[in-house]
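A.B. asks: Requesting a structural model of the entry that follows:
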Amino acid sequence: MTALQSETATGTGIKKPVFREYFLFLYGFVLGAVLFFAIYGFRVFNPAENSWIFNVSDPDIRQHYLGWCHYRNAPWSFPFCIVDSLSYPYPVSCLWTDSIPLFAVIFKLFAPILPETFQYLGLYGCLSMALTGGTAALLLKRVTEGYAGEQFIPLLGVFPFVLSFPLFQRMFYHTSLTAHYFILLSLLFWLDKAESRSLKTLCLRWGLLSLVVILIHPYLWAMVSLIAVFSLIEDCYVNRIWYRPAAVCACLAGTAFLGLFAEGAFYGHVSASYGTGGYESNLNTLFNPLGLGRIYSALPLETPTQYEGYGYLGLGMLILTGLSAVLLIFALKKRGTLRGLFRTRPKAVLFAFAALFFFVLACIPHIALGAVKLVHLPLPGLLGKIIGIFRSTGRFIWVSVYILITGAFAVLSRKGKEALVVPAVLICVLIQLFDISGAVGERFKFFHSEFREIPTDFDDPKLMAVMDRYRHFIFTYDDLLFTMDTAYFAYLNRMTLNKFYYARNNDEDVKAELTRSMDAVREGHPAKDVIYLFNEETFKEYKSSVLHFYLIDGKILGTAEAVPGLDELK
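C.D. replies: Sure, this is the predicted structure:
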């Protein structure tokens with residue numbers, strides 16, 4: 001029997017699991033998938049359907065999709081994930097378009113036989129909810145086995161994980177960040193008596209998980225690795241051996257470097273850090289619904305960008321956490337000092353401390369409560385540079401959210417009265433579902449509505465008749481949405497852009513290339529295979545050049561040679 005199996009003794013002395021792991025995982029997986037299709041429908045899952053991507057209000061999901069589109073057209077190279085057509089002539093990894101490099105590479109293998117319209121974001125979203133459900137069921141079984149409600153908590157408790165507010169907020173917004181099952185799996189690895197596992201098992205578990213996660217998203221890797229560090233602190237305390245944690249840390253770092261190198265994270269001249277501050281959690285994040293909760297209204301934020309640190313527990317889980325906190329306080333009074341508790345229950349103490357650690361990490365460096373900024377914590381030197389790599393520190397609140405929910409179920413199961421545990425859990429889960437039901441209804445309505453056609457700003461028949469002349473678009477100004485629409489047209493017509501929207505920018509290269517290209521225009525030598533794009537301001541600067549200008553669908557285009565049949569813009 002594994003440590004994850006909850007067993008009860010029978011009259012014959014044989015132990016049987018209350019619920020086998022495979023059944024619980026399958027239950028949670030299917031529940032997650034069913035809820036996904038119930039909310040988002042089957043249209044988003046259809047890989048040949050992409051109109052919904054261009055109808056979502058936030059442009060980030062278009063960034064993810066278009067990064068994949070251009071990557072599938074790029075030639076194979078090493079590093080593997082290099083896109084050569086979005087900031088031409090400077091290649092950049094599709095890691096920086098959040099296109100989920102692992103999925104991008106897998107599907108690029110089949111690019112020659114895939115239809116022109118193909119997206120995997122719906123599949124990824126479905127797997128995120130399904131795997132979160134399956135992993136949550138195992139995690140809840142691990143923390144309740146042998147205690148009150150062990151047969152029902154893993155079944156009921158899956159709902160707050162699959163429909164957690166942070167996961168729900170990210171779905172089809174920052175889709176690559178919805179793989180919250182990696183956080184749960186890390187907690188499961190830690191709680192599964194990690195300190196008693198062999199060094200080989202630990203290195204294999206954490207190393208493989210690290211490699212897979214870094215090929216999904218670096219932020220998730222940071223969360224997984226920090227959870228591993230807490231597990232290793234316990235390991236060092238219990239076993240009094242330093243080389244075990246050192247070896248596992250080496251595996252985490254080594255596999256991360258290997259994955260980042262393979263996917264092209266160090267390729268090109270993208271910025272490694274954006275500095276700290278601007279995207280923290282607010283101190284009210286755990287009880288601030290920010291418009292997604294149904295029961296009470298959003299609380300104020302100090303800056304709008306603190307939405308990045310969204311960590312609302314949900315009213316049902318807030319009640320459950322409060323109830324468990326009361327039970328825990330009464331239990332701790334009987335145990336004596338915290339030092340004595342750490343000596344006997346190091347895992348429980350470290351689990352609680354991890355929740356606090358991730359909460360603090362999420363709230364720095366600008367600490368605010370509601371609309372009031374309380375203090376700014378300077379992060380000098382190396383610490384500031386490291387945290388600057390993960391500028392959106394608010395995202396680390398997700399770990400605290402899942403630790404608190406998991407811990408609440410564990411404490412209630414262990415300290416609550418047996419007859420009241422299951423009813424209390426049922427009531428809290430029902431309140432939780434009611435709290436999120438309004439947001440679910442709005443999301444259902446949107447994804448089951450009719451979508452507008454994908455914008456096609458260059459479909460003028462006279463321009464299209466000579467489109468074979470052109471291989472490149474050069475933007476002379478910044479326009480995020482128009483850049484996205486142009487990138488899709490460029491993908492369909494095997495063209496390039498000089499700039500794109502990246503998670504880490506390469507502005508210096510883009511500016512240098514734009515200067516070189518436009519100097520050639522000033523000198524009377526524009527490229528014949530380029531369509532230059534202007535707004536009113538940049539048009540005034542170049543209207544006296546040798547370019548031929550046209551106004552198409554409100555967009556100003558410039559070409560080296562006249563386009564037959566089109567009226568030039570004077």
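A.B. asks: max-length helix in the protein?
C.D. replies: Criterion DSSP state H: the longest helix present in the chain is helix 418-447.
A.B. asks: Now that one: average pLDDT?
C.D. replies: Helix 418-447 comes out with an average pLDDT of 97.
A.B. asks: residues touching residue 120, list them.
C.D. replies: Shown in contact with residue 120 (C-beta atoms under 8 Å, 6 or more residues apart in numbering): 47, 68, 100, 103, 107. No exception for glycine: its C-beta is placed from N, CA and C like everyone else's.
A.B. asks: Give me the pLDDT for the third one.
C.D. replies: Residue-level confidence at residue 100 comes out at 97, pLDDT.
A.B. asks: measure it to residue 221 for me?
C.D. replies: 13 Å (C-beta to C-beta, to the nearest Å).
A.B. asks: Equivalent analysis for the second one, please.
C.D. replies: Applying C-beta to C-beta, one obtains 20 Å for the distance of residue 68 from residue 221.
A.B. asks: Show me what counts as buried in stretch 304-320.
C.D. replies: Residues of stretch 304-320 classed as buried by neighbour count (16 or more other C-beta atoms under 10 Å): 306-320.
A.B. asks: export that stretch as CSV, just CAs?
C.D. replies: C-alpha atoms of stretch 304-320 as CSV (Å, rounded to 0.1, in the frame of the first residue of the first chain):
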residue,chain,number,x,y,z
PRO,A,304,-5.6,48.6,-11.0
THR,A,305,-2.7,46.3,-11.8
GLN,A,306,-3.2,44.5,-8.5
TYR,A,307,-5.7,42.3,-10.3
GLU,A,308,-2.5,40.3,-11.1
GLY,A,309,-2.5,39.2,-7.5
TYR,A,310,-6.0,37.9,-7.4
GLY,A,311,-6.4,35.4,-4.7
TYR,A,312,-10.1,35.4,-3.6
LEU,A,313,-10.9,32.3,-1.6
GLY,A,314,-14.6,32.4,-2.2
LEU,A,315,-17.1,32.9,0.6
GLY,A,316,-17.6,29.2,1.2
MET,A,317,-13.9,28.6,1.6
LEU,A,318,-13.5,31.7,3.8
ILE,A,319,-16.1,30.2,6.1
LEU,A,320,-14.5,26.8,6.1
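A.B. asks: mean confidence for it?
C.D. replies: 96.
A.B. asks: So what touches stretch 296-309?
C.D. replies: Here stretch 296-309 has contacts from 169, 278-282, 284-285, 287-291, 315, 362-363, 366, 368, 370-373, 392-395, 397, using C-beta under 8 Å, 6+ apart.
A.B. asks: what kind of secondary structure is residue 128 in?
C.D. replies: helix (DSSP: H, G, I helix; E, B strand; the rest coil).
A.B. asks: Report how many residues lie close to it.
C.D. replies: 25 (other C-beta atoms under 10 Å).
A.B. asks: Quick check: closest non-adjacent residue to it.
C.D. replies: Leaving out its chain neighbours, the residue that sits closest to residue 128 by C-beta to C-beta, 6 or more residues apart in numbering is residue 178, at 4.0 Å.
A.B. asks: burial of that neighbour, as a residue count?
C.D. replies: 24.
A.B. asks: residues contacting it?
C.D. replies: So residue 178 contacts 124-125, 128-129, 167, 170-171 (C-beta under 8 Å, 6+ apart).
A.B. asks: ok, now residue 121?
C.D. replies: 44, 53, 61, 64-65, 172, 175.
A.B. asks: Could I get those residues in a markdown table, plus columns for secondary structure and pLDDT?
C.D. replies: As requested, the contacts of residue 121 are exported to a markdown table (DSSP: H, G, I helix; E, B strand; the rest coil; pLDDT from 0 to 100):
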| residue | secondary structure | pLDDT |
| --- | --- | --- |
| 44 | coil | 96 |
| 53 | helix | 95 |
| 61 | helix | 95 |
| 64 | helix | 97 |
| 65 | helix | 97 |
| 172 | coil | 95 |
| 175 | helix | 95 |
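A.B. asks: Kindly indicate which of those lies nearest residue 354.
C.D. replies: When the contacts of residue 121 are ranked by distance to residue 354 (C-beta to C-beta), residue 175 comes first, at 26.5 Å.
A.B. asks: how is the protein carved up into domains?
C.D. replies: By the assignment in automatic domain parsing, the chain contains the domains 192-266, 271-416, 461-559.
A.B. asks: so can I have JSON lines of those domains showing distance to residue 23?
C.D. replies: Compiled in JSON lines, these are given as follows (distance: least, C-beta to C-beta, whole Å):
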{"stretch": "domain 192-266", "distance to residue 23": "18"}
{"stretch": "domain 271-416", "distance to residue 23": "19"}
{"stretch": "domain 461-559", "distance to residue 23": "39"}
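A.B. asks: all strands for this structure, in order.
C.D. replies: Counting by DSSP state E, the chain has strands at residues 7-9, 15-17, 82-83, 92-93, 366-369, 372-376, 472-475, 496-497, 530-534, 548-552, 555-559.
A.B. asks: Among those strands, which comes closest to residue 235?
C.D. replies: strand 7-9 (25.1 Å).
A.B. asks: still on that earlier bit, and the contacts of residue 120, which two are the farthest apart?
C.D. replies: 47 and 100 (13.8 Å).
A.B. asks: And for residue 86, the neighbour number?
C.D. replies: There are 30 residues near residue 86, going by other C-beta under 10 Å.
A.B. asks: So what does it look like in phi/psi?
C.D. replies: Main-chain dihedrals, residue 86, degrees, to the nearest 10: phi -100, psi -20.
A.B. asks: dump the residue contacts of it.
C.D. replies: 66-67, 70, 92, 97, 487, 496-497, 500.
A.B. asks: so where's the chain shaky on pLDDT?
C.D. replies: 1-19, 194-195, 272-277, 334-340 (pLDDT under 70).
A.B. asks: Pick out the residue nearest the middle of the chain.
C.D. replies: Closest residue to the average C-alpha location of the chain: residue 177 at 0.9 Å, with C-alpha atoms, centre = their mean.
A.B. asks: residue contacts, that one?
C.D. replies: 170, 217, 219-220, 395.
A.B. asks: Could I get the buried residue list for stretch 232-252?
C.D. replies: 232-236, 244-245, 247-248, 251-252.
A.B. asks: The residues you listed in helices, which ones?
C.D. replies: Those of the buried residues of stretch 232-252 lying in helices (DSSP H): 232-236, 244-245, 247-248, 251-252.
A.B. asks: Could you work out the most separated pair of those?
C.D. replies: Longest span within these, C-beta to C-beta: 234 and 251, 17.3 Å.
A.B. asks: related to what we said a few turns ago, could you dump the strands of the chain into JSON lines with distance to residue 447 and mean neighbour count added?
C.D. replies: Putting the strands of the chain into JSON lines (distance: least, C-beta to C-beta, whole Å; neighbours: other C-beta atoms under 10 Å) gives the following:
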{"stretch": "strand 7-9", "distance to residue 447": "43", "mean neighbour count": "11"}
{"stretch": "strand 15-17", "distance to residue 447": "38", "mean neighbour count": "14"}
{"stretch": "strand 82-83", "distance to residue 447": "28", "mean neighbour count": "25"}
{"stretch": "strand 92-93", "distance to residue 447": "30", "mean neighbour count": "27"}
{"stretch": "strand 366-369", "distance to residue 447": "34", "mean neighbour count": "18"}
{"stretch": "strand 372-376", "distance to residue 447": "37", "mean neighbour count": "11"}
{"stretch": "strand 472-475", "distance to residue 447": "31", "mean neighbour count": "21"}
{"stretch": "strand 496-497", "distance to residue 447": "29", "mean neighbour count": "23"}
{"stretch": "strand 530-534", "distance to residue 447": "32", "mean neighbour count": "23"}
{"stretch": "strand 548-552", "distance to residue 447": "32", "mean neighbour count": "17"}
{"stretch": "strand 555-559", "distance to residue 447": "30", "mean neighbour count": "21"}
